[in-house]
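**Student:** just to be clear, the model below is a prediction. Sequence and coordinates:
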Amino acid sequence: MNHVSVIIPTYNRAKEIIKCLDSIVSQTYANIEIIVVDDGSKDATEQVIEAYIVNRSLPQGKLVYYKQINQGAPVARNYGLKIATGDFVVFFDSDDIMYPDRISLQAEAMVKEGSDSCAGGFTDSFSKKEFIPKLDTGKGVIGSLIYWEIMGSTQSWMYKRELLVKLGGYDVSYACYQDWDLTFRYLTQNPNISIVKKSLTLFDNDDRSDRITSNVQSQKRLPHIARYYLKVLKWLVSNSAKKNILKHAILLYYSQIIVGYYKAGLNNNAKQAIKSFNDVLKSAPYSLAIKCKTILYYHLLRRMLKV
């Protein structure tokens, strides 16, 4: 039975983290270590976890707690990865809930299929809607990610620890989309994945100001999201992606980044985003660059005409 490390960054979650821990301790899969990395909580998180270990009579090493100076969730996750000993790794948020067979289903799928990672479904706590991943063989792994048929978000994945370590873990320079960036980089290097077509996690979709990623609320998200999409576009261009996949990625960049800047009244930023897009195409074959620019400028022209 493979050893699984569940890495949980947390910040001021003394009241919520018990439900999260209960859902992991109660997994049908036994060979799990839980690593909680406290990102400088100011509440009683440390005391709550210490009491939890005693009250649940957890064996030594079952639940490891570490407290760091507040540096953000990606730094906390990377530290958890550094001290993890599992064959497989799950990054998990301290206010989410695992359904009882999550670890079992994902670990067994990876072993049975000899895959490098496994994507599972999740349920949105606010809308109650389920997201069930789907791997479209026609689009491939990255194409399915671009079309959001598999999600890059933290609550979906189980990875091989050794491959995460080689990858360097999370890019801590991102203020958001760190999880999508990690998943994209991982899948470009290790595209052999398994899919569990079942909701495995209750995702707490709540934008309360005290979330560990709350620093995002005080920063402009768009430059970070733009950097992610530019990285994706550069990879797609370099790897001669199918036309429909590349077109969809361009539309995402246009609608989320360029239009996002225009709607915020940041016209100069929008122009810079267009320039950055063109810079990505400088190394592309001439015919491909023209096709990509035609797609983007067609939508820009339509927007201008509507205005």
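**Tutor:** Structure received.

**Student:** OK, contacts around the residue nearest to residue 31 when sequence neighbours are not counted?
**Tutor:** Nearest residue to residue 31, sequence neighbours excluded (C-beta to C-beta, 6 or more residues apart in numbering): residue 1, at 4.7 Å. For the C-beta atoms, the positions are set from N, CA and C on the backbone; glycine is no exception. Contacts for residue 1 (C-beta atoms under 8 Å, 6 or more residues apart in numbering) come out as 29, 30, 31, 107.

**Student:** hang on, the second one in a helix?
**Tutor:** No: Residue 30 is assigned coil when assessed by DSSP: H, G, I helix; E, B strand; the rest coil, not a helix.

**Student:** which one of the contacts of residue 1 is nearest residue 258?
**Tutor:** residue 107 (41.4 Å; C-beta to C-beta).

**Student:** could you export the helix or strand hosting the closest one as CSV, CA atoms only?
**Tutor:** Element membership for residue 107 (DSSP states H and E) is helix 102-113. C-alpha atoms of helix 102-113 as CSV (Å, rounded to 0.1, in the frame of the first residue of the first chain):
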residue,chain,number,x,y,z
ARG,A,102,-11.1,9.8,-1.9
ILE,A,103,-7.6,8.7,-1.1
SER,A,104,-8.4,5.1,-1.7
LEU,A,105,-9.9,5.7,-5.1
GLN,A,106,-7.2,8.0,-6.4
ALA,A,107,-4.3,5.9,-5.0
GLU,A,108,-5.7,2.7,-6.4
ALA,A,109,-6.3,4.2,-9.8
MET,A,110,-2.7,5.5,-10.0
VAL,A,111,-1.3,2.1,-9.0
LYS,A,112,-3.7,0.1,-11.3
GLU,A,113,-3.1,2.3,-14.3
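
**Student:** next helix or strand past that helix?
**Tutor:** strand 117-124.

**Student:** which residues touch that next one?
**Tutor:** 102, 105-107, 109-110, 129-133, 135, 150-151, 155-160, 186-187, 190, 192-203, 205.

**Student:** which of these fall within strands?
**Tutor:** Within the contacts of strand 117-124, residues falling in strands by DSSP state E are 130-131, 157-160, 193-203.

**Student:** mark which of those residues are buried, thanks.
**Tutor:** 131, 157-160, 193-196, 199-203 (16 or more other C-beta atoms under 10 Å).

**Student:** which SS state does residue 65 fall under?
**Tutor:** Residue 65 - assigned by three-state DSSP - is strand.

**Student:** my read: it touches residue 51, true?
**Tutor:** No: Residue 65 lies out of contact with residue 51 (C-beta atoms under 8 Å); the separation is 11.4 Å.
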